[in-house]
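**Q** Could you work out the structure for the sequence below:
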Amino acid sequence: MSRQSPIDQQKWWNTIRDHRYIRFFLFMIFALVTFGLLFSNVAPDHPELEPGMVSDQDIRSPLTIENKAETDRLIQEAVDDVEPVYAMNPRYGQNQVERIQDLFQRIDQVRQNAYEAYEEEVEADETPAEEAEEQEPASPENREFTYSDLDQSEMISDLRADLPDEMNEQLENETLTTFLSADQEMLQLARETSMSAVHDVMSDEIKMDEVEAARAEAEQIVRNSPGGAQLREAITDVVRYGVTSNYMIDQSATEEARNQAAESVEPAMLREGQIIVEEGQVITSELYEQLSTVGLTEEVNYLYPFIGLGMIISIMTIMLSYYLSDAKTSLKTNNTHLLMYLLIYTTVLSLMKLSSMMHYLEISGIHFLVPAAAGTMLITILIHSRIAIFTSMLFSIVASVMYNDLSTTMFDASQGLFVFFSSLAGVFYLIKSQTTMRMLKTGLLVSGVNLIIVAAILMIKNAQYGWIEIGFNLGFAALAGIVSAILAIGLLPFLETAFGILSNTRLIELSNPNHPLLRKILLEAPGTYHHSVMVANLAESACEAIGANGLLARVGSYYHDIGKTRRPHFFIENQMGTKNPHDNISPQLSKTIITAHPYDGAEMLRSHKMPKEIVEIAESHHGTSCLKFFYFKAKEEDPDIKMDDFRYPGPLPANKVAAVVGIADSVEAAVRSMKQPTIEKIDTLIRKIINEKLDDDQLDECDLTIRELHSIAKSMLETLQGTFHSRIEYPDEQLPGTRDHQDVQKERAE
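**A** Numbering: from 1, shown residues only. Sure thing, here's the model as predicted:
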């Protein structure tokens, strides 16, 4: 069974790395990981509930809704609390006067009836002699007669038969007897006095608690009237009956007042997150009715919360996909780096989930121990700060759902706010510098920001916290920043190795002059070291001008000629005035020695486990360019010699940074050889070198544009204005022969 060649394996890996379906699969993993970690936070907690049972947990309202039963109870209480509205009824006094008048009319009628009966009885008892003697019929006016002669008990009985019950209850028999037996004049006096007293007193407002005072006033009127004591006593009895409250309930006004009271009652609301039944509490019929109001006693659709969560995560995933496709970072096309991003994201979310579960320990403030900043620090270093800022927002959204057990609502806004600012603080201090020390300082900065945010949250909540609670909250918030820095520092080398990421932190470490390979160049090939530093200055500024990685260009330039340390004295910058060994060997051997240094350098770098980006720069900075000095020298000996025999073996630079380092290498050697450099000469030389590389197809495999090549030329010209050194005037390649010409050709070849 045949095995794939390394080239075929590399092509296969490149296909996997850039394949769009793999990319889609990774975004699906992003969504599934987020959904899986938030699943339990939205799952409905709906126990079986019945009246009379004891709740084994706090039951909260899942929504805000009106408690209709409680509202009705409050309305009824408000209506019951409304006092009846009273108003004076003038007609009521008149009615009482009319009742008294009716009483005396009835007395008159009873007296008249009794008298007529009495007359008939008297006439029946008279003798004929007595009748003859009478000149006129007997009557009360013309003979001695008083109403007291009548049967009082019978008259009282007849009178009471037609009186209202309330009058019968209140008027004594003595009162009626006095009126029935009084002569006509006294009866008329009683009539007028009674009606006048009641009318006068009841012309004013009489409330229920003022009735006795009003009766006393009427009694005083009676006492001041003429007549005997017995008559006044009877009149007083009638007046006491007649005087009553005329301040009656106004039904219309009372009803209006009750309606206003009912309308003023605010609806009783069950708020989302409000505890309806506490743990250990018996579910009464009233509580069960509230549970029913919020739908906790009905059949629940368990799908809705998960559908809602899926919708939010779908939007997050789409936004992330769109943002990454528009961002100028490796995540735009590199699935390997996207996988690394997903791993960082998953790690942080897992730590957040663990932190959210620690609140069951009932330690105040432990939920602030969230190392979310570790994720944004790693993303800033390994990918880009813009991606880290966007990820801060994603962390914030996830945290607001993941920590909802701490809140009475579905989303904990305060925790989301804390995670957002904490994550964001882990980005900005690392944008310009990304050393290990800088990461530690960033952790301290995150701690400081966490302290401010937590203090602000506690003050906004305005809750009563003890000093110990405040200390725990602030302590865990500060600890989160330190833990974030430690996690980021610890995970960084593993991620760099596993995903082949060359971070700025690693590049800064490699740029240290005390690195063994750089010290090797400095000690064994000092001329090459100085040349590499100059190339680094040119390459870094040029890469920054076109948006490429300037730091990678600088560090790659430091190591690009490490292969010359194998045979340093065969390269002119290290000869220091000694005899040139190439003068004593054939051009073919010189070519072999010179063209070996990219390969030797790559081997040395690989043996020291250097990043592949640095190795690629060292291996490809000459591409397949021709050693023209030795080619022309060999051509003088053998006119049939081929130029391809004097080319570097390659490969061609495959990215912008490697191509820029190759251009900077050629430019620095050429400009350093100029005798009397001027801005115009340098500019012409730079553009000539770039054009030669274009014509020689040396830039075919990198994606540099013509616009970027112009920017590179301009940047190198600006850098060289103050850094070039005059050495040998740069001659045309077509004019061999002089010593200066030979030195220049050798430098450019090397």
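
**Q** low pLDDT regions in the stretch 451-600 of the chain?
**A** Counting by pLDDT under 70, the stretch 451-600 of the chain shows low-confidence ranges at 463.

**Q** quick one, strands of the chain?
**A** Here the chain has its strands, by DSSP state E, at 59-60, 65-66, 86-88, 247-249, 269-270, 275-277.

**Q** Packed most tightly, which of these would that be?
**A** With neighbours taken as mean count of other C-beta atoms under 10 Å, the strands of the chain reach their highest mean count in strand 59-60, at a mean of 21. In this view, the C-beta of every residue, glycine as well, is placed from N, C-alpha and C.

**Q** Please, where are all the helices along the stretch 551-700 of the chain?
**A** Under the criterion DSSP state H, counting those that start in this stretch, the stretch 551-700 of the chain carries helices at the ranges 587-607, 612-620, 628-637, 656-672, 679-695.

**Q** can you tell me how far Leu627 sits from Leu589?
**A** Remark: distance between Leu627 and Leu589 (C-beta to C-beta, to the nearest Å) = 12 Å.

**Q** Distance from stretch 227-238 to the middle of the chain?
**A** 88 Å (C-alpha atoms, centre = their mean, to the nearest Å).

**Q** now what about that stretch, what contacts it?
**A** Residues from elsewhere that reach stretch 227-238, judged by C-beta atoms under 8 Å, 6 or more residues apart in numbering: 100, 103, 170-172, 174-176, 178-179, 182, 186, 189-190, 193-194, 197, 218-219, 222-223, 225.

**Q** how far away is Asn691 from Ala664?
**A** Relative to Ala664, and taking C-beta to C-beta, Asn691 is found at 16 Å.

**Q** circling back to that earlier point, mind checking which of Leu627 and Leu589 has more residues around it?
**A** The residue with more neighbours, out of Leu627 and Leu589, is Leu627; 25 against 14, by other C-beta atoms under 10 Å.

**Q** I'd say the more buried one and Lys591 touch.
**A** Yes. Using C-beta atoms under 8 Å, Leu627 is in contact with Lys591, at 5.3 Å.

**Q** where do the contact lists of the two overlap?
**A** Residues touching both Leu627 and Lys591 by C-beta under 8 Å, 6+ apart: Phe646.

**Q** How is this protein divided into domains?
**A** The record's domain parsing of the chain by automatic domain parsing lists 6-41+311-502, 86-249, 511-749.

**Q** Neighbours of the closest residue to Ser620 other than its chain neighbours, how many?
**A** Closest residue to Ser620 in three dimensions, ignoring its sequence neighbours and counting by C-beta to C-beta, 6 or more residues apart in numbering: Pro653, at 4.5 Å. Counted with other C-beta under 10 Å, the neighbours of Pro653 add up to 27.

**Q** Likewise for Leu720?
**A** Residues within reach of Leu720, counting by other C-beta under 10 Å, total 23.

**Q** of the strands of the chain, which approaches Ala536 most closely?
**A** strand 59-60 (63.7 Å; C-beta to C-beta).

**Q** What's the mean pLDDT across the closest one?
**A** Here strand 59-60 scores 70 as its mean pLDDT.

**Q** if we can go back for a sec, out of the domains of the chain, the one nearest Gln274 is which?
**A** Proximity to Gln274, assessed across those by C-beta to C-beta, is greatest for domain 6-41+311-502 (7.0 Å).

**Q** so for stretch 366-384, what's the average pLDDT?
**A** For stretch 366-384, the mean pLDDT works out to 90.

**Q** ditto for stretch 417-433
**A** Mean per-residue pLDDT for stretch 417-433: 89.

**Q** residues in contact with it?
**A** Stretch 417-433 is contacted from outside by 352, 368, 370, 372-377, 380-381, 385, 388-389, 391-393, 395-396, 399, 438-439, 441-442, 445-446, 448-450, 453-454, 457, 477, 480-481, 484, 488, 508, using C-beta under 8 Å, 6+ apart.

**Q** most residues in a single helix of the chain, which one?
**A** helix 90-125 (DSSP state H).

**Q** Which positions within it qualify as buried?
**A** Going by neighbour count (16 or more other C-beta atoms under 10 Å), the buried part of helix 90-125 is 93, 96-97, 99-100, 103-104, 106-108, 110-111, 114-115, 118.

**Q** Looking at those, which is nearest Asn514?
**A** For the buried residues of helix 90-125, the minimum distance to Asn514 (C-beta to C-beta) is 117.6 Å, reached by Gly93.

**Q** quick one: that closest one from His199, how far?
**A** Here the distance between Gly93 and His199 works out to 7 Å (C-beta to C-beta).

**Q** I'd say Met202 and Gly93 touch.
**A** Yes. Look at Met202 against Gly93 with C-beta under 8 Å: they come within range, at 3.2 Å.

**Q** shared neighbours, these two?
**A** With C-beta under 8 Å, 6+ apart as the test, Met202 and Gly93 both reach Asn246.

**Q** picking up where we left off before, where's the longest helix of the chain relative to the chain centroid, distance-wise?
**A** Distance of helix 90-125 from its chain centroid, counting by C-alpha atoms, centre = their mean, is 91 Å.

**Q** name the helices or strands packed onto it?
**A** Where contact means 3 or more C-beta pairs under 8 Å, 6 or more residues apart in numbering; DSSP states H and E, helix 90-125 is packed against helix 152-162, helix 173-181, helix 184-201, helix 229-242.

**Q** so which of those helices comes closest to Tyr559?
**A** Comparing the helices and strands packed on helix 90-125 by their distance to Tyr559 (C-beta to C-beta), the top pick is helix 184-201, with 121.8 Å.

**Q** relative orientation of that closest one and helix 90-125 in degrees?
**A** Relative orientation of helix 184-201 and helix 90-125, computed by axes from the mean of the first three to the mean of the last three C-alpha atoms, to 10 degrees: 170 degrees.

**Q** Asn691 and Ala664: which is more packed in?
**A** Ala664 (30 against 12).

**Q** got a pLDDT number for the more buried one?
**A** pLDDT, Ala664: 95.

**Q** where's it relative to Ile686, distance?
**A** Going from Ala664 to Ile686 by C-beta to C-beta gives 10 Å.

**Q** Could you do Ser350 as well?
**A** Taking C-beta to C-beta, one finds Ser350 at 52 Å from Ile686.

**Q** do Asn584 as well
**A** Distance from Asn584 to Ile686, by C-beta to C-beta: 34 Å.

**Q** hang on, Val348 packs against Ser396?
**A** No. Counting by C-beta under 8 Å, Ser396 is not a contact partner of Val348; they are 11.9 Å apart.

**Q** neighbour count winner among the two?
**A** Neighbours were counted for Val348 and for Ser396 using other C-beta under 10 Å; Val348 has more, 27 against 21.

**Q** Find the residue closest to that one in space, skipping its chain neighbours.
**A** Distance criterion C-beta to C-beta, 6+ apart; nearest residue to Val348, sequence neighbours excluded, is Gly375 at 3.6 Å.
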